[in-house]
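Visitor: Okay, predicted coordinates and the sequence, questions at the end:
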Amino acid sequence: LLRSMYSIHFAARAFQERSSDSTETEQQKQQQQGTTSSAVLLRLLRKMFPHPIIVMCFVASYFATKQSLQQLHRDDFFGSYSLRSKEWLVLTFQHIGVGVSCVVGIGTVFYTLERDFRRNLVALVRSKQD
């Protein structure tokens, strides 16, 4: 963790120094945008983590799958049903359905919000076709 924090700090300082080597008009423009090392560090951290909505989707997915598993335990899933019973199949497929819907939902939100990822994915597919 300490090494990662130092790397991020070093990168922020390097980008800040690189921007200070630019011409006078570019420096004025960058000062308006905020090129202090803390502003550069903040931009780096924002780009490092996924969109906040995606993080909230992961949290919601965690609680949905946890609730689904608790439903299985509440119905004494492991003790009272045989593996070939209809109840076992229904409860199992409900739990699997919750998991699959979470994956599809997060994937859809991720693909919608992460433009850089989408551009890279399209470029990768096009390069494979050539």
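Guide: Structure's in. What do you need? The structure displayed is predicted, hence computed values, not measured ones.
Visitor: Quick check: mean pLDDT of stretch 98-117?
Guide: Here stretch 98-117 scores 91 as its mean pLDDT.
Visitor: can you give me how far stretch 92-106 is from the chain middle?
Guide: 18 Å (C-alpha atoms, centre = their mean, to the nearest Å).
Visitor: Now do the buried residues in it.
Guide: Applying a neighbour-count criterion of 16 or more other C-beta atoms under 10 Å, one finds 95, 98, 102, 106 buried in stretch 92-106. For the C-beta atoms, the positions are set from N, CA and C on the backbone; glycine is no exception.
Visitor: what sits up against it?
Guide: Residues outside stretch 92-106 that contact it (C-beta atoms under 8 Å, 6 or more residues apart in numbering): 54, 57-58, 61, 64-65, 68-69, 71-72.
Visitor: can you pull the alpha-carbon coordinates of it into CSV?
Guide: In CSV, the C-alpha atoms belonging to stretch 92-106 read as follows (Å, rounded to 0.1, in the frame of the first residue of the first chain):
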residue,chain,number,x,y,z
THR,A,92,-30.9,-22.9,-6.9
PHE,A,93,-32.0,-21.4,-10.3
GLN,A,94,-33.3,-18.4,-8.5
HIS,A,95,-30.0,-17.8,-6.8
ILE,A,96,-28.1,-18.4,-10.1
GLY,A,97,-30.6,-16.0,-11.8
VAL,A,98,-29.8,-13.3,-9.3
GLY,A,99,-26.1,-13.7,-9.9
VAL,A,100,-26.4,-13.7,-13.7
SER,A,101,-28.7,-10.7,-13.7
CYS,A,102,-26.2,-8.8,-11.5
VAL,A,103,-23.3,-9.7,-13.9
VAL,A,104,-25.4,-8.6,-16.9
GLY,A,105,-26.5,-5.4,-15.1
ILE,A,106,-23.0,-4.4,-14.0
